[in-house]
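# Coordinates for the following, if possible.
(chains A and B)
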Amino acid sequence: MTFDFTEDQRDFAAMLRSFFDAQYGPDRLREVVDHGKTYDPTFWRTMVDDLDLVGLTVAEAHGGSGGSTVDLCILLEEYGRALVTSPLFATAGLALPALTEAGDEDSRSRWLPRIASGATTATWAVLGSTGAPDLTGTGVQATQGAAGWTLSGSRSWVLDGATADVLLTVAGTPAGPGLFLVETATADGLTRTATDALDPTLALAEVAFTDTPAQRISGDHAPDGLRRALALGTIALAALQLGCLSGALDMAVSYAGTRVQFGRPIGSFQAVKHRCADVFIDTETTRWVVFHAAALASDPETGADALEEAAHLTSAYAASSSFRAVANLLQVLGGIGYTWEHPGHLYFKRATAAARLLGSSTHHLDAVSAVIDAAPSAAPGWGASA
Amino acid sequence: MDIKLSDAAEQYRARVRSLLAQELPADWRGIAALSPEEREQFDRTWREFLVEQSLLAPGWPSEYGGGGLDITSHSVVAEEFARAGVPQHVLLTDPVGMTLLGPTVLHWGTEAQKQYFIPRTLSAEIRWAQGYSEPEAGSDLFGVRTRAVLDGDEWVVNGSKIWQTAGAHANWIFALVRTDPEAPKAKGLSFLLIPYDQPGVEVRAIKTMDGGAELAEVFFDNARTSADNLVGGAGNGAKVALTLLGFERGSGGIALALATKLELLRLRDAMRSFGVDDVTLRRRLADCWTSVHVMHCLALRNLTVAASGRPPGPESSISKVMMSEYRKRVTELAVDILGPRALTPTGMPSKVNLGPQPLGVDADSSTAWVADFLHARPGTVYGGSSEIQRNTIGEQVLGLPREPRPVPATKAG
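Predicted coordinates for the structure are as follows:
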């Protein structure tokens, strides 16, 4: 056991940190926040062409880098820390797992190379109308006609739903739920409405389908595959939340160390110092929980149940730890943290939004409850195998 | 990023399991299920068995009677013992001897000190108490006032120490004492071993809020100990004391996370037994389960750092805060699940004061849950309070400035 990053992974993280620091500084962030820009295609090309970030976890046979979920989480921590607005998370964090885990061979051969090359952006419309992830196809119905499948229904809170080239969603069919793909540029009967978002760095949309042509892409292993895909997406989201924690920590500590009141830096007062220490504790604990889940996800022997359990635990924890941290950040920042000018509120909003993007923390806690209910009673296990 | 133990460690786990299966009766339900008479008998033979198998101190070098195990195997032993509901430490004083004093003597002691104290600690001829805190030196540890003055070939000790766990069961104490009153605060301290069996030592029990008296206070009135019993050199006590706090880190974390998980299953069983099915309580239980997972991940991380031989990092402060704050949270949940049953505790008594109960405690014993609730309170105080841990993180990890300290009017002493 070596529960640690490799040298290569540390180098990758350091490279990403300096890349985002140099390429996605406060000015670019302000452009998005002040002018409601969705994303900058030039920056997208830089991420794709120079660093191959979107194809990081795509198999080499499909034109990607063949990286693991651990590598993806390293990327998303740094990406989240920089509060970048781009289709990277929806594409690599949500749509790719769905395609890879639940898509059939044809759809993978067709779409993975396009996604890896950055030519196609994608998203997975996950949430049902209650705000919980929908793997049963409630809310969108698929009908098979002479010309193929069509979808009817709607999805809310779709990340990058207004811009993605390819949109995935689970829809109900008479034979059970399946994974469907819509090519947004050419599909009739597709309405995509960008919505105002609490977090200005995350672009959300309402998507309505009216007899919209779609491809059914789920393979034979789709039911388990969709559970795995959602678990992977949830772990990826937690890595984004970890980035929020990491950014909040540095911001809080740096402010506490330089802001002077009563003739000394406020970080010398225990009341402030202890808040910073709490942000550190939340950041470090979340880091090892996220990468523990990522390590499980990177191990082919991990079953869907174990992966799902890890995802629920990780998400439940990351939601609470990241919110605690950003709340502490704003208190440490004092008045300046309440201003639009200061970026502190962006971490606050990101943590709030991320805790809802793939189900609320109560959704995840209730799933943990089910695990507890199913666990056998505590009894001496020296005769048992696990 | 590999979170699986090595094949060798898993093979070792299988050996420990078969050893336990041989040693324990077929109907074994955990140490806590034994009657007091059965327990007394079991403890005696179990401790002998552990000494024979070199498992009482699995991580000590074998030449001194330890198991010579690397930290990963040591962690496996602790985990399997928790799973089987058998104690790693049998006597109340064993945790102090095995995790604090032993490693300190092995690291800092002279060969003669090792030869004398280590076998006697294993045989329980010497049973240790910890002597750090004083009535006037709690969080301000290096403000200790107990004096030791060399008189010929003996140290003469005056002062007092407080909060010894199982202090009434000990017959020696390791104490942080001031040997040089002229030196700056932390520089004038030494780490001294003092026998209790002499006229100058008086031990008094402290009755605690749970009604028990496991803690003690000790008074030194011209107590004496050999000059040979100073460990790590005169004036080096602060350094010895600090390294002591870092010893054995890592080896018990996974076992503790497992014991904490088993405790939550017992709490779930209590909910079922009481017919309590409330969504808020269920979510609080799930939140506790999540925290246990966090502590398991942290324990794996700590084990990696410890196994690599790197010096202890901030992880020990994080683990301390997490676990002690968690114990308050889970035991508060337990008494909320008990509801009015907490008013009139009934059922099997608790078996341990620090940490989760071992296997065999009845899930519906309100007596045990209420005892845990009370025992959780000092956890965020002893061993460096949550506030001290946060100071450590803020200053030593995050580099925030220290709080200005008042300039003493006179030099210490």
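
# any idea which residue sits dead centre in the chain?
If you meant another chain, say so; for now it's chain A. Nearest to the geometric centre of chain A sits residue A:237, at 2.7 Å (CA atoms, centre = their mean).

# that's the wrong chain, I meant chain B
The centre of chain B sits closest to residue B:95, judged by CA atoms, centre = their mean, with a distance of 5.6 Å.

# and that one, what does it touch?
Residues near residue B:95 by CB atoms under 8 Å, 6 or more residues apart in numbering or on different chains: B:89, B:165, B:354. Bear in mind the C-beta positions are built from the backbone N, C-alpha and C, glycine included.

# Could you list the domains of the chain?
Because you didn't say which chain, this covers chain A. Domains of chain A are assigned by automatic domain parsing as A:7-120, A:123-221, A:223-374.

# Sorry, I should have been clearer: chain B.
Domain assignment for chain B, taken from automatic domain parsing, gives B:7-90, B:127-237, B:249-397.

# would you turn these into CSV with distance to chain A, mean pLDDT and mean neighbour count?
Shown next, in CSV, are the domains of chain B (distance: least, CB to the nearest CB, whole Å; pLDDT from 0 to 100; neighbours: other CB atoms under 10 Å in any protein chain shown):
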stretch, distance to chain A, mean pLDDT, mean neighbour count
domain B:7-90, 4, 94, 18
domain B:127-237, 12, 95, 19
domain B:249-397, 4, 94, 19
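
# Find me the pLDDT at the residue in the stretch 101-250 of chain A that chain B sits nearest to, would you?
Proximity to chain B, evaluated over the stretch 101-250 of chain A using CB to the nearest CB, is greatest for residue A:249 at 8.2 Å. Looking at residue A:249, its pLDDT reads 98.

# give me the number of residues near it?
For residue A:249, the tally of surrounding residues (other CB atoms under 10 Å in any protein chain shown) stands at 24.

# can you give me the offset of the strand or helix carrying it from its chain's centre?
Counting by DSSP states H and E, the element that carries residue A:249 is helix A:222-258. Offset of helix A:222-258 from its chain centre (CA atoms, centre = their mean, to the nearest Å): 7 Å.

# buried sites along that helix?
Neighbour-count burial for helix A:222-258 flags A:222, A:224-249, A:251-253, A:255-257 (criterion: 16 or more other CB atoms under 10 Å in any protein chain shown).

# residues touching the nearest residue to residue B:54 once chain neighbours are set aside, list them.
Using CB to CB, 6 or more residues apart in numbering or on different chains and skipping residues adjacent in sequence, the residue nearest residue B:54 is residue B:67, 4.2 Å away. By CB under 8 Å, 6+ apart, residue B:67 lies in contact with B:53-55, B:57-60, B:73-74, B:77.

# export these to CSV and tack on secondary structure?
Output for those, formatted as CSV (DSSP: H, G, I helix; E, B strand; the rest coil):
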residue, secondary structure
B:53, coil
B:54, coil
B:55, coil
B:57, coil
B:58, coil
B:59, coil
B:60, coil
B:73, helix
B:74, helix
B:77, helix
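
# Return the lowest-mean-pLDDT helix or strand in chain A as PDB; C-alpha atoms alone will do.
Ranking every helix and strand in chain A by mean pLDDT, DSSP states H and E puts helix A:26-35 at the bottom, with a mean of 87. Extracted C-alpha coordinates of helix A:26-35, given in PDB (Å, rounded to 0.1, in the frame of the first residue of the first chain):
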ATOM      1  CA  PRO A  26      -8.300  37.200 -12.100                       C
ATOM      2  CA  ASP A  27      -8.900  39.100 -15.300                       C
ATOM      3  CA  ARG A  28     -10.300  36.200 -17.200                       C
ATOM      4  CA  LEU A  29     -12.300  35.100 -14.300                       C
ATOM      5  CA  ARG A  30     -13.800  38.600 -14.100                       C
ATOM      6  CA  GLU A  31     -14.800  38.500 -17.800                       C
ATOM      7  CA  VAL A  32     -16.900  35.500 -17.100                       C
ATOM      8  CA  VAL A  33     -18.300  36.700 -13.800                       C
ATOM      9  CA  ASP A  34     -19.000  40.300 -14.900                       C
ATOM     10  CA  HIS A  35     -20.100  39.800 -18.400                       C
END
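
# Quick check: phi and psi on the nearest residue to residue B:98 once chain neighbours are set aside?
Leaving aside its sequence neighbours, residue B:98 sits nearest to residue B:57 (CB to CB, 6+ apart; 5.0 Å). The phi/psi pair for residue B:57 (degrees, to the nearest 10) reads phi -130, psi 80.

# got it, and residue B:147?
Per degrees, to the nearest 10, the backbone of residue B:147 is at phi -100, psi 150.

# How about residue B:165?
The phi and psi torsions at residue B:165 (degrees, to the nearest 10) take the values phi -70, psi 130.

# ok, now which ones touch it?
If a contact means CB under 8 Å, 6+ apart, then residue B:165 has B:92, B:95-96, B:129-130, B:214-215, B:354 as its contacts.

# Just to be careful, could you list which of the residues you listed are in strands?
If you go by DSSP state E, the contacts of residue B:165 have B:129-130, B:215 in strands.

# which stretches of chain A form helices?
Remark: helices assigned in chain A by DSSP state H are A:7-23, A:26-35, A:41-45, A:69-81, A:88, A:96-102, A:105-116, A:222-258, A:270-298, A:304-333, A:344-357, A:361-374.

# what's the answer for the stretch 51-200 of chain B, then?
Ranges of helices in the stretch 51-200 of chain B, per DSSP state H, counting those that start in this stretch, are B:71-84, B:94-95, B:102-108, B:111-123.

# right, and residue B:68 touches residue B:60 too?
Yes - Residue B:68 sits in contact with residue B:60 when judged by CB atoms under 8 Å, with a separation of 7.4 Å.

# hang on, the earlier thing: compare the helices of chain A and say which comes out lowest on pLDDT.
If the helices of chain A are sorted by mean pLDDT, helix A:26-35 sits at the bottom with a mean of 87.

# Could you tell me which residues within it count as buried?
Buried, per 16+ other CB under 10 Å, within helix A:26-35: A:28-29, A:32-33.

# Show me the subset of the residues you listed that also lies near chain B.
Among these, none lies close to chain B by the criterion of CB under 8 Å from any CB of the partner chain.

# which one among the residues you listed gets closest to chain B?
residue A:29 (24.5 Å).

# that older thread, the least confident helix or strand of chain A vs helix A:7-23, what angle?
Comparing the axes of helix A:26-35 and helix A:7-23 via axes from the mean of the first three to the mean of the last three CA atoms, to 10 degrees yields an angle of 60 degrees.

# Helix A:26-35 packs against which elements?
Helices and strands touching helix A:26-35, by 3 or more CB pairs under 8 Å, 6 or more residues apart in numbering or on different chains; DSSP states H and E: there are none.

# could you give the angle of it to helix A:344-357?
Orientation note: helix A:26-35 sits at an angle of 70 degrees relative to helix A:344-357 (the same axes, to 10 degrees).

# So which residues make contact with helix A:26-35?
With contact meaning CB under 8 Å, 6+ apart, helix A:26-35 is reached by A:37-40, A:43, A:83, A:85, A:200-201, A:343, A:346.

# got a list of what the residue lying closest to residue B:354 once chain neighbours are set aside touches?
Spatial nearest neighbour of residue B:354, excluding adjacent residues (CB to CB, 6+ apart): residue B:375 at 7.1 Å. Counting by CB under 8 Å, 6+ apart, residue B:375 touches B:210, B:331, B:350, B:353-354.

# Fine, thanks again, bye for now.
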